[in-house]
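# Just the structure for this:
(chains A and B)
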Amino acid sequence: MPSKSPDSAKVGAQVGRSVPRLEAREKVTGRAEYTHTMRLPGMLYAKLFRSTVAHGLIKSVDTSAAKKLPGVLHTVTIEEVRKVIPDPYYGPAFHDQPILADGKVRFVGEPVAAVLSADPHVAEEAVQLISADYEQLPAVYDEVEALTSKIFVHEQLKPAGAFADLKHLKGSKGTNIALEYRLRRGDIDQAFTTAAHIFEHEFRTQKVLHLPFEPHATIADYEDTGVTLYTASQGPSFVRSEIARLLGWQENKVRVKVPFLGSGYGAKLYIKLEALALALSMIARRPVKVALTFEEMFYQITRHPCTFRIKSGIDKDGRIVARKCQVFWNGGAYADIGPRVTQKSGLTASGPYDIDNVSIDSYALYTNVTPAGALRGFGVPQLAWAHESHTDMMARALNMDPVTFRKKNILREGRPHATGTIIKDAAVEKVLDRLVERMRWSQPLVQGAGPGRRGRGLAISMKAVITPTTSVAIVNVNADGSITLYCGTIDMGQGSDTAMAQMVGEVLNVAAETVRVVQRDTDVTPYDMGTLGSRSLFHMGHAVRRAAEDARDKLTALAREVGEPEGSNIPVPTLFVKRYGMQAGNIIGTGVFKPDYVPPAPETGLSDNVTAFWMVSGAGAEVEVDTETGHVKVCKLVSVVDIGKPINPQLVDTQISGAALMQLGFTMFEEMHIDGGQVINASLADYKIPGFQDVPDAMENLTVDNFQSNGPFGAKGVGEVATFCVSPAIANAIDDAVGVRLRELPLKPETVLRALLAQAGKPLEDA
Amino acid sequence: MSAARTISFRLNGALVTADVKPHHNLVELLQTHFGLYGARESCGQGLCGCCTVIVNGRAVSGCLYLALFVDGAEVATVESLDANGQLDPVQEAFIETGAFQCGFCTPGFILMAGQLLDDHPDPDDGQIKHYLSGNLCRCASYPQVIEAVKLAARKRKGN
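The predicted structure is shown next:
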């Protein structure tokens, strides 16, 4: 069924074409609207007074001086919040986070009080006039300590009930474990007794954070008849349900609108400032904006630091016969989505390897630091850091080439993953082969003429997409033949609007450039679980495809109804005129997608169908190490990923290089320094992120030829996959260059130099 | 809070006046008085470049630049580039090479790239990296920005 298109030259293959971003013009002209810069008439600004202690009972909060400052309209603590929201606790996995600190503070930076003023500078000044008295409690910061500590971050656990597997934790006391995930496959003890070699190592990752350049921001506009939230969110559907729950309202009285997002990387998922903004707007009975400063993001959400103990048994032929993984995730003071990171990443802790006997224990732990949540990779970069460093260390010890060792052990099509799910459409071997080829692994590495020592390394990894989740889409064919798409996926820079428009165009035979994608608004756009975990292109892609197919079928039926012969080429506008006597009416196509899934058995973690698709990636690095300073230069970084069939090659390329460079920052220098619970580098001046000078001279971003047979047009997600392997590839290259093994991130010059000096028998004293 | 003062300056070619307080920065002035949102405050320390504004022909960090300082000055924002409805060659080049993702930092990059090409019409990689090192992109579209600047250089010559 042909449709009207102003640019017929572009009609044809929409999928697989590098369509420029639909929103490109708004972005290059500075006219794209972001929540952080939005304002509503009559709006008040909220500024927050935050805890200065990591763990303590609140004895008193004195807001009297702040209240007296001219221009201050309200000062708010949990007492005032409770008057409008009686049970002011929120969160996706646990209802453990109070809108403002409630009798106790659990991390430095936790919001304790808020000030409202029409002038943000007045509100800011007033915050300085607030004081609080705390009875300090001992605190726990380290994830391994938290497991056995007698210091408990929460008196009692409060699972949200949304996740069935957390319900049994309700009311648990005397623990910091928010979730314990386990997997048991084969007979691990027996396998270790018969193994020819056993290796055991521990690896750690540091606390890093997302730092989207548009910091978190929400405006709530409460009326007794309904509430509208304008929010920088990756998941408006979840925000709507959680706000409705807090209000005890039907969801249709809560409207969540999301303008352009100045990115997210996982920081803006589930519920962040929305509950606070709601409470403040209810108190003020005016629109209230809560917008974080850059510094305040260090007290909002971070990635999980992780300690991973990994033990492998190898037989005499170099086959891995047993692997035991103990993973401890530092979740911070509130669970956020940490339990999901623990479970969904936990299940891939043993890596992309074919191992008959596997045991995994993965723990989400509460500690007294800024909460941790999802960050581009949902824990897999932390896991790959460990299993891929471990793999190289074993290969070295066994005098095997790291590629040969991996080849002997990788998961191939048709073989069972550790969970028992049979591997399908996961191009592990292709990724490794392509990486080896691009790294010219068979040829010796040429040492440079300079003082630096050169080395190379590689790593491979895989991730299971979070399953099962649901997406819904609507395709509207207007009477002039133009097409409007309604879908809840948030385009935060990954280019999803463009990719979705390409899928609509492919089905309805129109140019993607002509499809209008409606801005996210829960009054208009249907349900979507959230823009996270590389799920959107696959799940929403299917929903969009189905909606477009439904519209196409309805157009065909309409043609039949108006008496057109089978296969008629009647233009769509004429069809509407024939049916309605004028340019009127719509065709509405709908599509829903939820993949099949078998939940893991609680005791063994095994499942025949644990995920909708696997993401596979590999990275290779060439480095030059300055042995006098410990400085590491990454000369070459190769990323190879299996993302199925690319929908938009240019967007795919940008996602791969962007993800790899972000992970390069997490590998080489990014680190939140925390001393006694205080973040001591909470600013861009003190927390370095990658800039132009950090981009390796040679970067290659490659996809392997693969077709995801259950994906929309053979595609699957691309947002996270290139993050997985950067850290271990670089550490493996450093070991290759100078023979030192680093087990903790970041790989900063001081760490490298200390390791070099220790290796030479001249360890540097601690500073 | 101290009293406001009236300043006048030339904004994207037009003479304007505004009442500003001593603590207001240039980004705030542009957003609250003139509805120009292309310059955005992010890091608040003049390090990320999201707040780039051109004052008297040179790029400044609008988040650190007090509004009062533009009294009598010539100010240009990203919104001036397509004032006639036509995109600037730098903007076109950013679109064609896909040199941005979320777009929050993009106006700063575009203004700075324009200034780079004014100073160095045919920049090499080193010059681009050096000149734009005061602009950060958390989505890390750096490789694409380098391509965009080179394409913009060619486009400018063609014009």
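# Find the closest residue to chain A in chain B.
Chain B approaches chain A most closely through B:G38 (2.2 Å), counting by C-beta to the nearest C-beta. All C-beta atoms are positioned from the backbone trio N, CA, C, and that covers glycine.
# Which residue is the nearest non-sequential neighbour of that residue?
Nearest non-adjacent residue to B:G38, counting by C-beta to C-beta, 6 or more residues apart in numbering or on different chains: A:G30, 2.2 Å away.
# Around the one you found, how many other residues sit close by?
24 (other C-beta atoms under 10 Å in any protein chain shown).
# Which strands or helices does the helix or strand containing A:V403 pack on?
Using DSSP states H and E, A:V403 falls within helix A:402-409. Helices and strands touching helix A:402-409, by 3 or more C-beta pairs under 8 Å, 6 or more residues apart in numbering or on different chains; DSSP states H and E, are helix A:380-397, helix A:428-438, strand A:453-464.
# Please work out which residues outside the second one touch it.
Translated: helix A:428-438. With C-beta atoms under 8 Å, 6 or more residues apart in numbering or on different chains as the test, helix A:428-438 has contacts from A:352, A:403, A:406-407, A:410-412, A:442, A:458, A:460, A:462, A:616-620, A:638, A:640-642, A:700, A:702, A:704-706.
# Mean confidence (pLDDT) on it, please.
Here helix A:428-438 scores 98 as its mean pLDDT.
# buried stuff in it?
Neighbour counts over helix A:428-438 (16 or more other C-beta atoms under 10 Å in any protein chain shown) mark A:V428, A:E429, A:K430, A:V431, A:L432, A:D433, A:R434, A:L435, A:V436, A:R438 as buried.
# Just name the closest of these to chain B, please.
A:R438 (16.3 Å).
# coming back round to it: which SS state does the residue nearest to B:G38 fall under?
coil (DSSP: H, G, I helix; E, B strand; the rest coil).
# what's the answer for B:A152, then?
Under three-state DSSP, B:A152 comes out as helix.
# so the closest residue to it other than its chain neighbours, which of the three states?
Leaving aside its chain neighbours, B:A152 sits nearest to B:A93 (3.8 Å; criterion: C-beta to C-beta, 6+ apart). Classification of B:A93 using three-state DSSP returns helix.
# Quick check: end-to-end length of stretch A:396-414?
Start-to-end span of stretch A:396-414 (C-alpha to C-alpha, to the nearest Å) is 29 Å.
# what's next to that stretch, contact-wise?
A:197, A:199, A:314, A:317-320, A:352-355, A:391-392, A:394-395, A:417, A:422-426, A:428-429, A:432, A:436, A:441, A:457-458, A:460, A:462, A:732, A:735.
# Of those residues, keep whichever come out buried.
Buried among these (16+ other C-beta under 10 Å): A:199, A:314, A:318-320, A:352-355, A:391-392, A:394-395, A:417, A:423, A:425-426, A:428-429, A:432, A:436, A:441, A:457-458, A:460, A:462, A:732, A:735.
# ranges for the strands of chain B?
Secondary structure of chain B (DSSP state E): strands at B:5-11, B:14-20, B:52-55, B:58-61, B:74-76.
# Show me the helices in chain B, by range?
B:26-34, B:89-97, B:106-119, B:125-131, B:142-158 (DSSP state H).
# Mind checking these for the one nearest to A:P571?
Evaluated over the helices of chain B, closeness to A:P571 peaks at helix B:89-97, with 30.7 Å, by C-beta to C-beta.
# So what are the structural domains in chain B, by residue number?
For chain B, the structural domains run B:5-79, B:89-158, going by automatic domain parsing.
# With distance to A:E765 and mean neighbour count as new columns, can the ones you listed be given to me in TSV?
Supplementary listing: the domains of chain B in TSV, determined by distance: least, C-beta to C-beta, whole Å; neighbours: other C-beta atoms under 10 Å in any protein chain shown:
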stretch	distance to A:E765	mean neighbour count
domain B:5-79	33	20
domain B:89-158	35	21
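# picking that back up, could you measure from the residue nearest to B:G38 over to B:Y142?
Note on A:G30: its distance to B:Y142, by C-beta to C-beta, to the nearest Å, is 20 Å.
# Could you do A:V108 as well?
Distance from A:V108 to B:Y142, by C-beta to C-beta: 33 Å.
# circling back to that earlier point, my guess is the residue nearest to B:A152 contacts B:G158. True?
No - if you go by C-beta atoms under 8 Å, B:A93 and B:G158 don't touch, sitting 11.3 Å apart.
# Check the secondary structure at A:E79 for me.
Secondary structure state of A:E79, per three-state DSSP, is helix.
# Model confidence for it, exactly?
98.
# before we move on, the earlier item: pretty sure the residue nearest to B:G38 is touching B:L30, no?
No - using C-beta under 8 Å, A:G30 is not in contact with B:L30; the gap is 10.2 Å.
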